[in-house]
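S.K.: Fold the stuff below for me.
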Amino acid sequence: MQPAIKISEPAALPVAVAVAAAPARRKVLLVDDDPAIRQILRRLLAEENYEVLTAADGAEALVLADANPLDLVLLDLNMPVKNGWDTFDHLSAKHPLLPIILITARPNQFFPAWASGVGALMEKPLDFAKLFYTIQNLLAEPAEMRLGRYGGRPAVFRSAPPGNDGPGKPPFD
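M.R.: Below you'll find the predicted structure:
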């Protein structure tokens with residue numbers, strides 16, 4: 001007589017399903033008094049998966065910055081109510097780790113921007129490829145580098161004057 005062989009089903013193993021959370025969208029505050037600039041930049045930033053808040057002047061920007069955690073600020077210099085430099089001073093004093101890119105059509109802003117500790121200066125008309133390259137680099141920058149820039153220590157400063165790039169030339173060469 002053959003012994004009965006009992007074949008049992010393998011025990012069901014718990015299956016862990018890892019659901020990868022979508023990376024959080026980075027929140028950008030766009031400050032410019034020109035509605036056309038705000039509209040085009042808002043659309044382009046949204047297409048790059050950034051969440052965009054907009055302000056038409058520095059006073060509005062400061063209210064939004066106090067009410068929302070931000071990852072980066074794009075700040076025009078020439079605005080009514082509160083200009084870009086005053087807004088920059090308030091933002092950088094209150095949020096020293098917040099990367100700020102100054103955007104301007106004003107000439108001769110390189111040295112004041114460099115001396116201020118700002119992350120980058122972009123001149124109008126904007127080169128969007130350079131702008132997005134700059135945004136990505138500033139968001140990846142270590143906090144120590146940002147603080148060092150404000151403290152006058154050597155740090156990377158990005159400046160993009162318009163119209164000086166040729167075909168195939170990388171941004172900030």
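
S.K.: where along this structure do the strands fall?
M.R.: Listed in chain order, the strands of the chain (DSSP state E) span residues 27-31, 51-55, 72-76, 100-104, 120-123, 158-160.

S.K.: Could you say which of these is packed most deeply?
M.R.: When you average the neighbours per residue for each of those (mean count of other Cβ atoms under 10 Å), strand 72-76 leads with a mean of 25. In this view, the C-beta of every residue, glycine as well, is placed from N, C-alpha and C.

S.K.: ok and that strand relative to strand 100-104, angle-wise?
M.R.: Direction vectors for strand 72-76 and strand 100-104, defined by axes from the mean of the first three to the mean of the last three Cα atoms, to 10 degrees, enclose an angle of 20 degrees.

S.K.: looking at the strands of the chain, which is closest to Leu45?
M.R.: Ranking these by distance to Leu45, with Cβ to Cβ as the measure, places strand 51-55 first at 4.8 Å.

S.K.: Tell me which strands that closest one pairs with, and in which orientation.
M.R.: In the sheet containing strand 51-55, its partner strands are strand 27-31 (parallel), by DSSP bridges.
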